[in-house]
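Visitor: here's my sequence, what's the structure:
(2 chains, ligands or ions: 3)
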Amino acid sequence: MELDPLLLSRIQFAFVVSFHAIFPVFTIGLAAWIALLEALNYRKPDPVLEKLSQFWIKIFAVVFGMGVVSGIVMAFQFGTNWSQFSFAASNFLGPVLSYEVVTAFFLEATFLGVLLFGRSRVPPGLHLLAACMVAIGTFISSFWILSTNSWFHTPAGVELIDGHFQVTSWLQAIFNPSLPYRFAHMALASFITGGLVVAAVSAWYLVRDRNPRSSRIALKMTVVMLAIATPLQMFVGDLHGLNTFEHQPMKVAAMEGHWETQRGAPLILFAIPDADAEENHFEVAIPKLGSLILTHSLDGEVQGLKSVPAEDRPPVGPVFWSFRVMVGLGVFFILLSWVSAVQLFRGRLFDSRRLLRVISWVSPLPFIAVLAGWFVTEIGRQPWIVHGLMRVEDAVTPSLSGGMALTTLIGYISVYAVVFGAGLYYLRQVILAGPDPIEQAHDFDSARPKRPLSANPLNFNGETPAAEG
Amino acid sequence: METIDLTLIWLGIIGIGIFMYVLMDGFDLGVGILFPFAPDDASRDRMMNSVAPIWDGNETWLILGGAGLLAAFPLVYAVFLPALYIGVFLLVAGLIFRGIAFEFRFKASPASRHWWDRSFNIGSTVAAFAQGAVVGAYIQGFEVVDFQYAGGAFDWLTPFTVMTGVGVVTGYALLGATWTVMKTEGATQDWAFRISERLLIGVLAFFVVVSLWTPLSKPFVQARWLDGIAWLWLFPVLTLAASFWVWRALRERRDVVPFVGSMVLFGLFYLGLLISMWPYAVPPDYTFWDAASAPGSQLFLLLGVLFLIPVILVYTAFNYWVFRGKVRDGDGYH
Ligand code: HDD
Ligand code: HEM
Ligand code: HEM
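Guide: Ligands and ions are numbered 1, 2, ... in the order given. This is a model prediction of the structure:
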């Protein structure tokens, strides 16, 4: 059997970037949450807030660490597996990725040190500044990386001369047509992810009657935020889809499962798309609604997959299904956060054991929604690496053999299995231990595992002025 | 654009960026390389805490090196990475294992902590070796057809690159040891003084071997040194002088001078290498000017970088200043 370096490179890229993306999408939201807690605590010092912040900083540190190490892998992926593409697109890609490093990564990395280790070494104002800088850094870095990525989907401001992209307008290339939608949608996704995880952990403590004071504060804050962010996400997602309909109609056709170009297209709720037969099986659809959503008219024309040759179509099944997973979860998040918000306003949230139990289990779901969204985006772009300009088969490294690609693919999978396994294990430890009790570090409840460093005399949890108050 | 040579400016920026990386990540990788040799667990805690707040910033210079090469010298990026495909994997795998060790080691139970000690040590050593092999491969040259690498997966792995790999491991260990001298006291520092002396001798030995081997195998390097300008010979003389300086400082048990002296030593090696290889970006065929990206792209990034690099240096300095002085036991947030 001949190993295909192109296919293996695609699988490898999808694997390493999916793995990487799990962490920033969480840390972007979490960094903002920590900065907010630090700001509240700065204005009116409160040991509960400080312990809560310190607790989430511990989690942040583990997740951020995994984000950084998996990000270092990403920095080399374009060169190792997509060298023809890197060379062809270097005039745009290089400066934009470098701007990400000089405007964001240094900021995050430097102030992270102060945020994690500096509480007892710098004045409180400077510590707050560090928290804000880290949070701002995460946004700047997602801006640049999403600009790069959006350019793959809606390239602008470049000219292809002898197989080389030459930039004609930096402004158009960076602020390309899909960037605003993608950035807004991704930023909301990060808030939703961070919010749902914080809510889930807090609800879990409440179900077990642990850390009631800080958990109530945390749950209240996140429920309010989520009740606003989740419907907004659906709205932004819709706008994003309309933008895609304009620029990448074949992606939308795959998302919607439309084979034929038609007026008054239905909205397909369920189907099993069959690429060989070029049709859907077991279709359940609402007539005309598809056209209404996409063109805002009951009999607007919607282009179908069959309007282009088979080799120019994206794989339909994965796009179709991922889209339904994301939207399904999006609707579920809206319901959950609204029910919780209503209970909160009726003053019953903290007594609704069943609701709290449901919330305590949602943490994996936003990650699934995010990855599903990216699968829609990226698989829907196929067979292009830069939409309409360069195909993936012209992008791959020519000297790469199937054996080499397979070796590193297996290598990354094994390395990440260790990293991820250990990371989850230690996150579990931190969560089981919970925020440090306000009083002093010795009355652990019996469920608390032994933590070798808690007894540490200089551990500054015990020496900050707020802890004595 | 005729008056300013952007490519030359970029060469300077990338050159400085890579050098910053070598110095800064060099000492924290070195701490990892020396980890198993530390006298006891308390010393290991201190060593790790001395680099924990800064390692992430140090590694960011590597990312800047990667992205900056893609921006200014795309040919280098597009040839080196495919040619060193397996080596790059080893490098990042090493960096991953040492990076997560910072977080996980302190959260591990005492019984399982040694796994993360090992992860930190092996990860750092492999990453340092891979970087040394990259330098060796650069001196060795690449088979390039039509701007794309055309050789095999293991062309880079030769006795010469193994030697440069081990040489860089030794050199980083010296930086790590002198850093430990600077940041610790007592038994840990005593040990660091002892090991620094031995590492200094090791580094000099590698310097001599590479300095003889390179010109013997590369005629253009030989020509540069033998028919070239006389002041080039100042470099070996300065290197010996710097080594002597470090040696004496170690003997006199000075805190800071050994570290500074080791950095100067690295600077001299680095300049010597650049002078030998000048002006080739991808030897033996392409110069830095052949490898450059479009002037518009170089200019666009230059405008930002000229403004931002000084800002970055300021807050990097701020970070080092916050964590200045000897590490105290129990420094950390865990
Ligand atoms: C918490 C995560 C999350 C949630 C609840 C949703 N999305 Fe989403 N979606 C993403 C997270 C995400 C994402 C991972 O962030 C993507 C991938 C790339 C991007 O820009 O955002 C995405 C992409 C994406 C795309 C692909 C656009 C393209 O790249 O061409 C569309 C059309 C939507 N979304 C639409 C929706 C709709 C109508 C939702 C209704 C609730 C929705 N999303 C909920
Ligand atoms: C959440 C993050 C992301 C996920 C889960 C993701 C997922 C994927 C998947 C599934 C593929 C394979 C598509 C296929 O071969 O059918 C892919 C390919 C790719 N993606 Fe992404 N992606 C993400 C973010 C990004 C970003 C931010 C960039 C660019 C800056 C990017 C650039 C690419 C490239 C270059 C390829 C390889 C070429 C190709 O197959 O088109 N991706 N990604
Ligand atoms: C889904 C898209 C992506 C987003 C939103 C994103 C965002 C981020 C953020 C916020 C960080 C900071 C660390 C963290 O929070 O975990 C980070 C780290 C990093 N990312 Fe990504 N990233 C994405 C994809 C990529 C891709 C495709 C690349 C490679 C071209 C990349 C390269 C890096 C690197 C090198 C780091 C480490 C930087 C450091 O030292 O702080 N990322 N990313």
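Visitor: which SS class is the residue of the stretch 51-200 of chain B found nearest ligand 2?
Guide: Here the stretch 51-200 of chain B gets closest to ligand 2 at one residue, residue B:67, 11.8 Å apart by CB to the nearest ligand atom. C-beta coordinates here come from the backbone N, C-alpha and C atoms, glycine included. The local conformation at residue B:67, judged by DSSP: H, G, I helix; E, B strand; the rest coil, is helix.
Visitor: again with the one 4 residues further on
Guide: Three-state call for residue B:71 (three-state DSSP): helix.
Visitor: show the pLDDT at the closest residue to it other than its chain neighbours.
Guide: Nearest non-adjacent residue to residue B:71, counting by CB to CB, 6 or more residues apart in numbering or on different chains: residue A:94, 2.9 Å away. On the pLDDT scale, residue A:94 is placed at 87.
Visitor: and residue A:459, by the same measure?
Guide: Predicted confidence (pLDDT) for residue A:459: 35.
Visitor: ditto for residue A:189
Guide: pLDDT, read off for residue A:189, is 96.
Visitor: same check on residue B:332?
Guide: 60.
Visitor: surely residue A:170 is in contact with residue A:157?
Guide: Yes. Using CB atoms under 8 Å, residue A:170 makes contact with residue A:157 at a distance of 6.6 Å.
Visitor: list the contacts of stretch A:80-88.
Guide: A:9, A:12-13, A:78-79, A:93, A:163-165, A:385-386, A:390, A:394-398, A:400, A:405, A:408, B:70, B:74-75, B:77-79, B:81-82, B:85, B:88-89, B:147-149 (CB atoms under 8 Å, 6 or more residues apart in numbering or on different chains).
Visitor: for the stretch 151-300 of chain B, which segments count as helices?
Guide: With DSSP state H, counting those that start in this stretch, the ranges of helices along the stretch 151-300 of chain B come out as B:159-183, B:186-217, B:219-227, B:234-251, B:257-277, B:288-291, B:295-322.
Visitor: number of nearby residues for the nearest residue to residue B:300 once chain neighbours are set aside?
Guide: Closest residue to residue B:300 apart from its sequence neighbours, by CB to CB, 6+ apart: residue A:95 at 5.3 Å. By other CB atoms under 10 Å in any protein chain shown, 30 other residues sit near residue A:95.
Visitor: where's residue A:95, which helix or strand?
Guide: helix A:83-100 (DSSP states H and E).
Visitor: who are the packing partners of the next helix or strand after that helix?
Guide: Once the chain leaves helix A:83-100, the next helix or strand it forms, by DSSP H and E, is helix A:106-117. Other elements packing on helix A:106-117 under the criterion 3 or more CB pairs under 8 Å, 6 or more residues apart in numbering or on different chains; DSSP states H and E are helix A:47-81, helix A:124-153, helix B:55-72, helix B:295-322.
Visitor: now do the buried residues in stretch A:351-370.
Guide: A:352, A:355, A:356, A:359, A:360, A:362, A:363, A:365, A:366, A:367, A:369, A:370 (16 or more other CB atoms under 10 Å in any protein chain shown).
Visitor: so the residue nearest to residue B:300 is in contact with residue B:68, correct?
Guide: No. Using CB under 8 Å, residue A:95 is not in contact with residue B:68, being 9.4 Å away.
Visitor: who touches both of these two?
Guide: Listed as contacting both residue A:95 and residue B:68 by CB under 8 Å, 6+ apart are residue B:301.
Visitor: for burial, what's the neighbour tally of residue B:245?
Guide: Neighbour number of residue B:245 under other CB under 10 Å is 17.
Visitor: per-residue pLDDT of the residue lying closest to residue A:365 once chain neighbours are set aside, please?
Guide: Excluding its sequence neighbours, the residue lying closest to residue A:365 (CB to CB, 6+ apart) is residue A:329, at 5.6 Å. Residue A:329 is assigned 94 on the pLDDT scale.
Visitor: in the helix or strand hosting residue A:329, which residues are buried?
Guide: Secondary structure assignment for residue A:329, by DSSP H and E: helix A:316-345. Neighbour-count burial for helix A:316-345 flags A:316, A:318-327, A:329-330, A:333-334, A:336-337, A:339-341, A:343-344 (criterion: 16+ other CB under 10 Å).
Visitor: quick one: is it near ligand 2?
Guide: No. For helix A:316-345 and ligand 2, the contact criterion (CB under 6 Å from any ligand atom) is not met; the two come no nearer than 7.3 Å.
Visitor: repeat for stretch A:249-268
Guide: No. Stretch A:249-268 does not reach ligand 2 (CB under 6 Å from any ligand atom); its nearest approach is 11.1 Å.
Visitor: let me see the mean pLDDT of that stretch.
Guide: Stretch A:249-268 carries an average pLDDT of 82.
Visitor: tally of neighbours for residue B:120?
Guide: Close neighbours of residue B:120, defined as other CB under 10 Å, add up to 26.
Visitor: looking at the helices and strands packed on helix A:106-117, which is nearest to residue B:19?
Guide: Residue B:19 lies closest, by CB to CB, to one member of the helices and strands packed on helix A:106-117: helix B:55-72, at 9.0 Å.
Visitor: give the next helix or strand downstream of that closest one.
Guide: Sequence order places helix B:74-83 as the next helix or strand after helix B:55-72, per DSSP H and E.
Visitor: helices or strands next to that next one in the packing?
Guide: helix A:47-81, helix A:83-100, helix B:55-72, helix B:113-140, strand B:148-149, strand B:280-282, helix B:288-291.
Visitor: what residues does it touch?
Guide: The contact list for helix B:74-83 (CB under 8 Å, 6+ apart) reads A:76, A:79-80, A:83-84, A:86-87, A:90-91, A:94, A:397-400, B:66, B:69-70, B:88, B:134, B:137-138, B:142, B:144, B:147-149, B:151, B:155-156, B:281-282, B:286, B:290-293.
Visitor: swap in stretch A:205-215?
Guide: Residues outside stretch A:205-215 that contact it (CB under 8 Å, 6+ apart) are A:48-49, A:51-52, A:55, A:202-203, A:216, A:219, A:350, A:353, A:356-357, A:360, A:434-435, A:437-438, A:445.
Visitor: once you drop chain neighbours, what's closest to residue A:114?
Guide: In space, and not counting its chain neighbours, residue A:114 is closest to residue A:130: 3.9 Å by CB to CB, 6+ apart.
Visitor: quick revisit: tally of neighbours for the residue nearest to residue B:71?
Guide: 28.
Visitor: all good on my end, thank you.
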